[in-house]
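[1] Starting from these lines, generate the structure:
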Amino acid sequence: MPTPARVVVVPGEPGPLQIHEVNLPDPGPYQVVVKQFASGVCHSQLHQMHRPRNGAAQVLGHESTGVVMKKGSAVTHVKEGDRVMVTWVRRDAASSTRAPESAAIELGNGVIARGNVFTWADITIADEQYVVAMPSDVRTDVTAIIGCAVMTGAGAVCHTAGVQKGQSVAVFGVGGVGLSAIAAAAVIGANPIIAVDLDDTKLDFARKFGATHGVNAKETDAIAEIGKLTLDETESNLLGRPVQGVDFAFDCIGVPKTMEQILGAARSGSTAKFPGGTAVLVGVPQTDVTLSARDILMNEKKYIGSLAGSCNPERDFPMFLRWYKEGDLDLDALVTQRYRLDDINEATTALERGQIFGRAIMEF
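    Numbers count the residues shown, from 1 in each chain. Model (predicted):
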């Protein structure tokens, strides 16, 4: 029997987001229908909203919490009534042998809206590979952002970079992803942890999550300031200059300026003693960027990408939930604004204008 749902849709033609009342089909063998508690409002969705639409409608959202209403006959890891988290990364890609199905929603008049997952809806349907079991003893509102923001930022620190205790870190951009990266660096015991942004209020906020220093890149040269904070005059590079810079510099924004800056902020190498630092691109870039090949070579630096924090949701979500329960990941502070489904255009406008400090969620 179909399930009525209210779903946010990017229309095929230019215009604001729309809310459609639709009937979700009964789940196929490998699908799960989830009644949602909350969904994160992710900055990357703005990129999807602003791409050429070419007449094709689209559904959005890729991190949420909810409860299973219905499940397909081949779904075995969750049952009806279980609390779950919906994410855009396969829950255990290493053991997956089947390609996940995308969601196709009938909007009427033959119009179909598609997406791998969609969580900007009071009820969603998703392939079971995007649905992760969730314990029943944790909150279901702020934990919605684990499925993207936390996974992406914290995972970049823990898995992609493999930061170790005592190593130095700089994080460019302290929105939801950047604050998650800072929190993970603090859990590991990195030092110093340098937050870089254009707003002093945001930099002060980052200290709540473990940042030891703040650099306002609007008022100072961020690379030079990071160099001062990390200067080691006991070591020198090939040119005889003192070693400076962080072991790991993370760009959680993905604009040309920050993509360049993280390379300059990474530590210079000391010839025959140790290689240089690593620049980690976390934010989703929309353009190419020119990097200094000479800096990479002469200082033996690395420049790498981190997609979804190199995370395995089935392995990592329980760890992030444990951090939250133990007070190491303050999701209550990280979620700074809440919206209703009907306020989705207000939410995306605030996001685009930089008015959301941490992460916004929609509550259903």
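
[2] pretty sure V89 contacts T152?
    No - assessed by Cβ atoms under 8 Å, V89 is found out of contact with T152, at 9.5 Å. (Glycine included, C-beta is placed from N, CA and C.)

[3] Settle it for me: which of these two has more neighbours?
    Between V89 and T152, counted using other Cβ atoms under 10 Å, T152 has the larger neighbour count: 30 against 26.

[4] okay, and the common contacts of V89 and T152?
    Counting by Cβ atoms under 8 Å, 6 or more residues apart in numbering, the common neighbours of V89 and T152 are A308, C311.

[5] neighbouring contacts of the host helix or strand of V215?
    Assessed by DSSP states H and E, V215 sits inside strand 213-216. For strand 213-216, contacts defined as Cβ under 8 Å, 6+ apart pick out 170, 192-200, 203-204, 206-207, 222, 225-226, 229.

[6] Restricted to helices, list the residues you listed.
    Using DSSP state H to define helices, the subset of the contacts of strand 213-216 located there is D200, L203, D204, A206, R207, A222, E225, I226, L229.

[7] A181: which of those is nearest?
    Checking the ones in helices among the contacts of strand 213-216 against A181 by Cβ to Cβ gives A206 as the nearest, at 10.1 Å.

[8] close enough to count as contact, that closest one and L179?
    Yes - counting by Cβ under 8 Å, A206 does reach L179; the two are 6.3 Å apart.

[9] Show me which of these two is the more surrounded one.
    The residue with more neighbours, out of A206 and L179, is L179; 33 against 26, by other Cβ under 10 Å.

[10] who are the neighbours in contact with that one?
    L179 neighbours (Cβ under 8 Å, 6+ apart): G153, F205, A206, F209, L334, G358, R359.

[11] Most neighbours of all the residues you listed, which one?
    Ranked by the number of neighbours (other Cβ under 10 Å), the contacts of L179 place G153 first, at 31 neighbours.

[12] After the lowest-mean-pLDDT helix or strand in the chain, which helix or strand is next? Please name it.
    Lowest on mean pLDDT, DSSP states H and E among the helices and strands of the chain sits strand 111-115, with a mean of 75. Under the assignment DSSP H and E, the closest C-terminal helix or strand after strand 111-115 is strand 123-127.

[13] who does the helix or strand just after that next one touch, helix- and strand-wise?
    Where DSSP H and E defines the elements, the next helix or strand beyond strand 123-127 is strand 131-133. Using 3 or more Cβ pairs under 8 Å, 6 or more residues apart in numbering; DSSP states H and E, the elements in contact with strand 131-133 are strand 83-86, helix 313-326.

[14] what pLDDT, on average, does strand 131-133 get?
    For strand 131-133, the mean per-residue pLDDT is 97.
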